[in-house]
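*Asks:* need the 3D shape of this:
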Amino acid sequence: MAGAEFGRLAYLLLLTAAVGGFFVIQNRRRLGAMAQQAAVWGLIFVGVIAAVGLWSDIRTTVMPRQSVFSEQGRIEVPRAPDGHFYLTVTVNGTPLQFVVDTGASQVVLTPEDARRVGIDPTGLAFSSEARTANGVVQTAPVRLNEVQLGPLEDRNVRAWVNSGEMDMSLLGMSYLQRFEKMEITRDLLVLTR
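*Replies:* Purely as a prediction, here's the structure:
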């Protein structure tokens with residue numbers, strides 16, 4: 001500890017002792033009530049310090065940022081509290097929630113999302129296989145008539161419907177490669193077309 005820091009600490013301790021001593025002397029007949037009030041103020045102080053220290057985490061959890069279409073062809077996507085990037089993409093006129101997955105080579109729809117966009121999974125030929133973290137799953141190729149992300153629109157996009165259990169549809173590299181540039185900087189994914 002440097003000399004200046006030690007001096008500040010000594011000053012703060014002396015000031016705290018003086019103010020605390022004054023309150024103890026003034027309230028010596030009510031020490032129980034004074035201790036209770038001091039504990040309440042101490043907890044309030046600790047709570048304020050914790051809120052200030054955790055404000056960035058609280059802000060992103062309680063008020064998560066949304067995707068920003070900042071200029072023509074540029075999309076900024078904030079990282080979600082769970083560490084993933086999510087996009088709402090309109091497929092065949094229906095908004096779907098996708099997780100951006102650079103480890104997936106294709107756009108992959110859950111059977112539920114396929115139904116929502118007008119594709120009947122029971123009528124598909126699940127003739128292909130995909131290797132996933134959960135093992136090998138059967139997939140069926142499909143074409144999406146219209147895929148819209150903000151102001152950007154693509155037609156006749158190739159995708160796959162997964163026959164296995166998935167929490168969410170995947171926006172894989174076959175779609176992400178349509179962008180000129182894709183960069184991740186800390187908690188922000190920027191897609192530029």
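*Asks:* please state the backbone phi and psi of residue 78?
*Replies:* With angles defined as degrees, to the nearest 10, residue 78 sits at phi -80, psi 150.
*Asks:* quick check: pLDDT value at it.
*Replies:* pLDDT, residue 78: 89.
*Asks:* give the burial count for it, as a bare number.
*Replies:* By other CB atoms under 10 Å, 16 other residues sit near residue 78. C-betas here are computed from N, CA, C, even on glycine.
*Asks:* buried sites along stretch 90-104?
*Replies:* 91, 96, 98-101, 104 (16 or more other CB atoms under 10 Å).
*Asks:* filter these down to the ones in strands?
*Replies:* 91, 96, 98-100 (DSSP state E).
*Asks:* so, low pLDDT: which residues of this structure?
*Replies:* Low-confidence segments of the chain (pLDDT under 70): 1, 55-71.
*Asks:* the domain parsing of it - what is it?
*Replies:* 3-53, 66-192 (automatic domain parsing).
*Asks:* quick revisit: ok, the buried residues of stretch 90-104 vs residue 155, which is closest?
*Replies:* Looking at the buried residues of stretch 90-104 and their distance to residue 155, the nearest is residue 91, at 11.5 Å (CB to CB).
*Asks:* tell me, how many residues neighbour the closest residue in space to that closest one that isn't next to it in sequence?
*Replies:* Nearest residue to residue 91, sequence neighbours excluded (CB to CB, 6 or more residues apart in numbering): residue 117, at 4.7 Å. As a burial measure, residue 117 scores 21 neighbours (other CB under 10 Å).
*Asks:* same deal with the one 4 residues further on?
*Replies:* A total of 18 residues lie near residue 121 under the criterion other CB under 10 Å.
*Asks:* mind listing the strands the longest strand anywhere in the chain pairs with, and their directions?
*Replies:* Taking DSSP E as the criterion, the chain has its longest strand at strand 135-149. Its sheet considered, strand 135-149 pairs with strand 86-91 (antiparallel), strand 128-132 (antiparallel), strand 152-162 (antiparallel) by DSSP bridges.
*Asks:* what's the closest non-adjacent residue to the residue nearest the centre of the chain?
*Replies:* For the chain, the residue nearest the mean C-alpha position is residue 80 (0.4 Å; CA atoms, centre = their mean). Leaving aside its chain neighbours, residue 80 sits nearest to residue 86 (5.6 Å; criterion: CB to CB, 6+ apart).
*Asks:* can you pull the contacts of the one you found?
*Replies:* Applying CB atoms under 8 Å, 6 or more residues apart in numbering to residue 86 gives the contacts 77, 80, 97-100.
*Asks:* pick the most deeply packed of the strands paired with strand 135-149.
*Replies:* strand 86-91 (a mean of 18; mean count of other CB atoms under 10 Å).
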